[in-house]
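Participant: just the structure for this:
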Amino acid sequence: MTESSYKLIFKSNSEEAKKNTTENKTSIKLSRVKKSCQSNAHKNKKDSNNKEREKVRDRVRKHRANLSKEELNEKRRKDCERYKKKTEQGLIKFVKDLTVRSTDQIIKNTACNPSNNQCMLGACRNKCDNKERLIAVIQYDKINMDDEINFQQWATIKEERLLINLLHSKLIDYKKHVIVMLHQLKELQTKKQTIEDDELILHIDFAKNYVAKYSTEIQSMHFGASKTQLSLHTGVYHTHFSKKPFCSVSDTLDHQAHAIWAHLNELLKQLSSKMPNMRSINFFSDGPTSQYRNRSNIFYLLETIPSIFSSIEQMSWNYSESGHGKGPMDGVGGSLKRSADRMVLGGVDITCAADFVTRLKDTSSVKMWEVMENDILNFKQMLPNRVPSIPRIMSIHQIRELSCFYCDFGARCSHQKIHMMCEV
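Facilitator: Residues are numbered from 1 along each chain as shown. Okay, here's the model as predicted:
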């Protein structure tokens, strides 16, 4: 065979192999498409069946909603009878080698007289309900007891509605949360509107720490330095004649109970000199456990207020509901920090608490003063090693369950049932 003929054979073989490869690739692609179509069709069919079932359930729910109690009980009774019959028929259908294929035939062959009440109720003298008759009909000797049999049986089960149950469980706590929130806000507004000559209200909170700034900074200072922060304790005090915002500033970032009273001490002394006949003082704040809602804070309340106000008769600390502690004192902190930032843009450096107070004191209507670290340490040393705990303090909003300014502070509040709702 010549060289050209060899080349021809090789060429023809390679073309045939290439053609076969192309056909194989095509068949593989077609098979993949076919499988994909089958899976999509199965999924669509399943979704369609689920939608149909849900439609049927909706129709059943709507139909049952229009039924009276007697009609609903009758329908349930008939459903039970139908399910029971279907179950028996299903059991008979899947028993192999059974000579009969219906419940009627089973009854006919196992009961001596199907029309006799005693016979059908199992009280027959011939004991036609015994197992021997059933064995004779089923023919146990012809059944392989090792066979695995699948059968269908109707059963009434409880379908858990996860979302509904979860909503129901959360709704109880949420309704309690809402009523407490509304009650605390209402009591605060009522107390502000009905405040008397010898009463004082302080609405307080810690603002977000202010970051000290220079008017001009090098790049490493601007981006990478651990900058100094200032602690701002803001609030608004109300008397019968006026209300005024205030803010105390400190280089110490301590926000615990002893620091709170170090921040308040200067203001309380000034108010005591202005109002020597102060009879009642009421504090309002949010309820973080590390700051206001703890036994140490109540200890300082009982120890500090009588030592400053000699004529004091009533005092209370009122907590807002969780997540609803915002108030006018938050606006005080925001306003001061914006003013400080504008001054920094104008070329003024604010690097410590003294700078903050000095720069803003004369340009703002907010009463301001600086709290030194020694003042905070002095109050910290006042706290004894052991302070008695306050039971259920997390559910307390005014030492009582909820705030109330109608009943005496020394008596149990009983004029509103709402005050009893939160009790354990």
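Participant: which residues of the chain fall in strands?
Facilitator: Under the criterion DSSP state E, strands of the chain are mapped to 199-206, 210-211, 229-238, 243-250, 280-285, 314-319, 367-370.
Participant: closest to residue 396 out of these?
Facilitator: Ranking the strands of the chain by proximity to residue 396 (Cβ to Cβ) places strand 314-319 first, at 7.1 Å. For every residue, glycine as well, the C-beta is placed using N, CA and C.
Participant: just checking, what packs against that closest one?
Facilitator: Judged by 3 or more Cβ pairs under 8 Å, 6 or more residues apart in numbering; DSSP states H and E, strand 314-319 is in contact with helix 162-193, strand 280-285, helix 295-308.
Participant: partner strands of the shortest one, parallel or antiparallel?
Facilitator: The reference is to strand 280-285. strand 199-206 (parallel), strand 314-319 (parallel) (DSSP bridges).
Participant: out of the helices and strands packed on strand 314-319, which gets nearest to residue 209?
Facilitator: strand 280-285 (17.7 Å).
Participant: okay, the angle between the closest one and strand 229-238?
Facilitator: Strand 280-285 runs at 140 degrees relative to strand 229-238, counting by axes from the mean of the first three to the mean of the last three Cα atoms, to 10 degrees.
Participant: quick revisit: which of the strands paired with strand 280-285 sits most buried?
Facilitator: strand 199-206 (a mean of 22; mean count of other Cβ atoms under 10 Å).
Participant: how about residues contacting that one?
Facilitator: With Cβ atoms under 8 Å, 6 or more residues apart in numbering as the test, strand 199-206 has contacts from 188, 191-192, 195, 231-240, 255, 260, 264, 271, 275, 278-286, 291, 325, 327-330, 333.
Participant: before we move on, the earlier item: Serialize the strands paired with strand 280-285 to CSV and add fields for mean pLDDT and distance to residue 80.
Facilitator: Putting the strands paired with strand 280-285 into CSV (pLDDT from 0 to 100; distance: least, Cβ to Cβ, whole Å) gives the following:
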stretch, mean pLDDT, distance to residue 80
strand 199-206, 94, 62
strand 314-319, 89, 55
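Participant: okay if I get these as a markdown table plus distance to residue 347?
Facilitator: Listed next are these as a markdown table, based on distance: least, Cβ to Cβ, whole Å:
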| stretch | distance to residue 347 |
| --- | --- |
| strand 199-206 | 29 |
| strand 314-319 | 43 |
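Participant: wait, which of those is closest to residue 337?
Facilitator: strand 199-206 (12.9 Å).
Participant: these two touch, right, residue 332 and residue 233?
Facilitator: No. Between residue 332 and residue 233 there is no contact under Cβ atoms under 8 Å: 10.0 Å.
Participant: now the common contact residues for those two.
Facilitator: Common neighbours of residue 332 and residue 233 (Cβ under 8 Å, 6+ apart) are 207, 247.
Participant: buried subset of the contacts of strand 199-206?
Facilitator: 188, 191, 195, 231-239, 255, 260, 264, 271, 275, 278-286, 291, 325, 327, 329-330, 333 (16 or more other Cβ atoms under 10 Å).
Participant: which pLDDT value belongs to residue 108?
Facilitator: Looking at residue 108, its pLDDT is 69.
Participant: what do you get for residue 156?
Facilitator: Residue 156 is given a pLDDT of 65.
Participant: care to break the chain down by domain?
Facilitator: 27-142, 168-420 (automatic domain parsing).
Participant: most neighbours per residue, which of those domains?
Facilitator: Comparing these on average neighbours, where mean count of other Cβ under 10 Å defines a contact, domain 168-420 leads with a mean of 16.
Participant: where are the low-confidence patches of the stretch 251-400 of the chain?
Facilitator: Counting by pLDDT under 70, the stretch 251-400 of the chain has low-confidence residues at 397-400.
Participant: that one: helices as residue ranges?
Facilitator: For the stretch 251-400 of the chain, the helices defined by DSSP state H, counting those that start in this stretch cover 257-274, 295-308, 328-345, 353-361, 373-382.
Participant: reformat these as TSV; add distance to residue 396.
Facilitator: Formatted as TSV, the helices of the stretch 251-400 of the chain follow (distance: least, Cβ to Cβ, whole Å):
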stretch	distance to residue 396
helix 257-274	15
helix 295-308	10
helix 328-345	21
helix 353-361	33
helix 373-382	23
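Participant: out of these, which gets nearest to residue 170?
Facilitator: helix 328-345 (28.2 Å).
Participant: between that closest one and strand 280-285, how many degrees?
Facilitator: 60 degrees.
Participant: which strands and helices sit next to helix 328-345?
Facilitator: strand 199-206, strand 210-211, strand 229-238, strand 243-250, helix 353-361.
Participant: let's see it at 10 Å
Facilitator: Contacts defined by 3 or more Cβ pairs under 10 Å, 6 or more residues apart in numbering; DSSP states H and E place helix 328-345 against strand 199-206, strand 210-211, strand 229-238, strand 243-250, helix 353-361, strand 367-370.
Participant: which secondary structure elements does the shortest one sit against?
Facilitator: When contacts are defined as 3+ Cβ pairs under 10 Å, 6+ apart, strand 210-211 packs onto strand 229-238, helix 328-345.
Participant: got JSON lines for the ones you listed, with distance to residue 391 too?
Facilitator: Conversion of the helices and strands packed on strand 210-211 to JSON lines gives the following (distance: least, Cβ to Cβ, whole Å):
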{"stretch": "strand 229-238", "distance to residue 391": "28"}
{"stretch": "helix 328-345", "distance to residue 391": "29"}
